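Colleague: Following is a predicted model, sequence given first.
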Amino acid sequence: MGSALSLSLWAETTPDDWTPRAPLDGDTEADVAIVGAGYTGLWTAHYLAEADPSLRIIVVEAEVAGFGASGRNGGWCSALFPASLASLARMAGRTAALRQHAAMRETVDEVARVAAAEGIDAQLAKGGTVVLARSPAQWTRAQRAVEAARAWGRDVDDLALLDADAAAGRLRATRTLGATYTPDCAALHPGRLVRGLAEAVERRGVRIVERTPATAIEPGLVRTTRGIVRAPYVVRATEGFTPRLTGARRAVAPVYSLVVASESLPAATWDEIGLAHRETFSDHRHLVIYGQRTSDDRLVFGGRGAPYHFGSRVEPAFDRDPGVFARLHATLLDLFPVLRGARFTHAWGGPLGIPRDWCASVGLDRATGLAWAGGYVGDGVSTTNLAGRTLRDLLLGHETALTSLPWVDHRSRPWEPEPLRWLGINAGLRAMTLADAEEALTRRPSVVARAVAPLLG
């Protein structure tokens, strides 16, 4: 793995040095075994230990807590859920879809509440998200997004349409025609959050074993390279690394998202850019981008575009792609020419878990004791918290408002076998790039994007 501190800016700027905890030292038993010490596993452990301190809970981690997406993401804690309201309504009806959305909105504040209660300085600021429209086609999409929100009964306090002047009041980028804005997002330091959570669950008596790769999850046990963990309940919380488990290669596709970060920028630069309330930001292009202003005035900016690797491979070499980093930097200069000459000090990446229907899920098979959560498609900083609370209720046998949400016990179909998986995913990524180029030429919504949309969930 190399030094954990080299994983990202976030790893470098957490208070601890990421020294690995002790590995598993032979076979053991527990009441609940959780595989994966990222947000999903740690939130689940936190809420279970809080609800029932007598539970013997063990978290099994292949590397160190926060090694995966939880310690490498863009730092958006948002109400975004990867499946649309329309998709959720097709699964479970309009009312259930709106309950899922309401639960996501509440989750943003719940993350902040727990961080404060546990003394975790996650450098959190709830400034919302501004999504710019920088072309006529993007402005059309922004207007349609707000029209759709109103049709669902979502008012201006949920999603607002901003004209060019109002958008510039939050973020001053080139060629801005307007924007959408939601208050339901907090910028935070993901490394501080995940490392703080690991310490918090240990204080509650949870055992975390690191440098202990799980090789298989079976009813009643977890097989690892260092012994077997037996437990009546086993939780799979492995997200983009799930394909490494025996029999799970097609459960999710690990698709890479890459990030760059600037040096701390002077006040004069921020006066030209904006983000005075640390709003997170994006625009209405097809190929996803995302950014935030950190508490120490860096600009962190990421996006998709790195290729999917044949056979769902996940390798450290894939975390860095000079070509993608160069495109991210060029996109930033196009957005904010004032950054020309600014030094970019960090660049990193990692895999996201994408289910075949783009719908995250959480569930428990009571017949086997096997539970799972994941498939967040990059919207996991908050969704993992909702998953942890939902798994708590499922594992304790409580029927609650959370256990009746439409994503509970949803099962996505497996991805196609190779080479179809490789061809399809990379064609989809390429299509989104082509769709943005098409709109730059035609100034109208992309025909390519409309054709590909049904294939992308």
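Modeller: That came through, no problem. Since the model is a prediction, treat every value here as computed from it, not as a measurement.

Colleague: Compute the distance between Phe310 and Val255, please.
Modeller: Counting by CB to CB, to the nearest Å, the gap from Phe310 to Val255 is 13 Å. All C-beta atoms are positioned from the backbone trio N, CA, C, and that covers glycine.

Colleague: Actually, Tyr47.
Modeller: Distance, Tyr47 to Val255, by CB to CB: 29 Å.

Colleague: how is this structure carved up into domains?
Modeller: What automatic domain parsing lists as the domains of the chain is 4-73+190-251+357-404, 418-457.

Colleague: By mean pLDDT, show me the worst of the ones you listed.
Modeller: Lowest mean pLDDT within the domains of the chain: domain 418-457, at a mean of 82.

Colleague: For it, could you pull out the residues that count as buried?
Modeller: Residues of domain 418-457 classed as buried by neighbour count (16 or more other CB atoms under 10 Å): 421-422, 424-425, 428-429, 431-436, 438-439, 445-446, 448-449, 452, 456-457.

Colleague: Give me the pLDDT for Ala342.
Modeller: The model's pLDDT for Ala342 equals 98.

Colleague: wait, isn't it in contact with Glu272?
Modeller: No: look at Ala342 against Glu272 with CB atoms under 8 Å: they stay out of range, at 11.5 Å.

Colleague: quick one, which of these two is more surrounded?
Modeller: Ala342 (19 against 12; other CB atoms under 10 Å).

Colleague: Would you indicate which residues of stretch 358-378 are buried?
Modeller: Those would be 359-364, 369-378, for stretch 358-378 by 16+ other CB under 10 Å.

Colleague: biggest separation within those residues, which pair?
Modeller: Gly369 and Gly378 (29.4 Å; CB to CB).

Colleague: Start from the N-terminal end of the protein and give the helices.
Modeller: Under the criterion DSSP state H, the chain carries helices at the ranges 9-12, 39-51, 85-92, 94-117, 136-151, 164-168, 190-203, 267-273, 322-335, 380-395, 420-442, 447-452.

Colleague: mind putting those in a markdown table, distance to Arg226 included?
Modeller: Putting the helices of the chain into a markdown table (distance: least, CB to CB, whole Å) gives the following:
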| stretch | distance to Arg226 |
| --- | --- |
| helix 9-12 | 24 |
| helix 39-51 | 17 |
| helix 85-92 | 40 |
| helix 94-117 | 31 |
| helix 136-151 | 49 |
| helix 164-168 | 53 |
| helix 190-203 | 19 |
| helix 267-273 | 48 |
| helix 322-335 | 35 |
| helix 380-395 | 25 |
| helix 420-442 | 31 |
| helix 447-452 | 44 |
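
Colleague: Between these, which one is closest to Ala33.
Modeller: Among the helices of the chain, the nearest to Ala33 by CB to CB is helix 39-51 (10.1 Å).

Colleague: Give me the helices and strands touching that closest one, please.
Modeller: Contacts defined by 3 or more CB pairs under 8 Å, 6 or more residues apart in numbering; DSSP states H and E place helix 39-51 against strand 32-35, strand 57-60, helix 190-203, strand 370-374, helix 380-395.

Colleague: Looking at Phe310 and Val255, which has the bigger crowd around it?
Modeller: Legend: neighbour count by other CB under 10 Å for Phe310 and Val255, higher for Val255 (22 against 12).

Colleague: Tell me who's in contact with that one.
Modeller: Val255 makes contacts with 240, 304, 306, 308, 351-352, 354, 425, 429, as judged by CB atoms under 8 Å, 6 or more residues apart in numbering.

Colleague: gap between Trp43 and Thr13?
Modeller: 22 Å.

Colleague: These two: which has the busier surroundings?
Modeller: Trp43 (29 against 18).

Colleague: pretty sure that one is touching Ala387, no?
Modeller: Yes: using CB under 8 Å, Trp43 is in contact with Ala387, at 6.8 Å.

Colleague: circling back to that earlier point, out of the helices of the chain, flag the one nearest Asp297.
Modeller: Closest among those, using CB to CB: helix 267-273, at 6.4 Å.

Colleague: Distance from that closest one to the middle of the chain?
Modeller: 28 Å (CA atoms, centre = their mean, to the nearest Å).

Colleague: Repeat that for stretch 295-308.
Modeller: Mean C-alpha position of stretch 295-308 versus that of the full chain (CA atoms, centre = their mean) differs by 13 Å.

Colleague: Also stretch 166-173?
Modeller: Centroid separation between stretch 166-173 and its chain, computed with CA atoms, centre = their mean, is 25 Å.

Colleague: next one: stretch 224-236
Modeller: With CA atoms, centre = their mean as the basis, stretch 224-236 stands 25 Å off its chain's centre.

Colleague: And stretch 22-38, by the same measure?
Modeller: Distance of stretch 22-38 from the chain centroid (CA atoms, centre = their mean) equals 24 Å.

Colleague: Ok, stretch 303-315 next?
Modeller: Offset of stretch 303-315 from its chain centre (CA atoms, centre = their mean): 16 Å.

Colleague: ok, Glu218 - contacts?
Modeller: By CB under 8 Å, 6+ apart, Glu218 lies in contact with Val234.

Colleague: ok, now how distant is it from Ala431?
Modeller: For Glu218 relative to Ala431 (CB to CB), the value is 39 Å.
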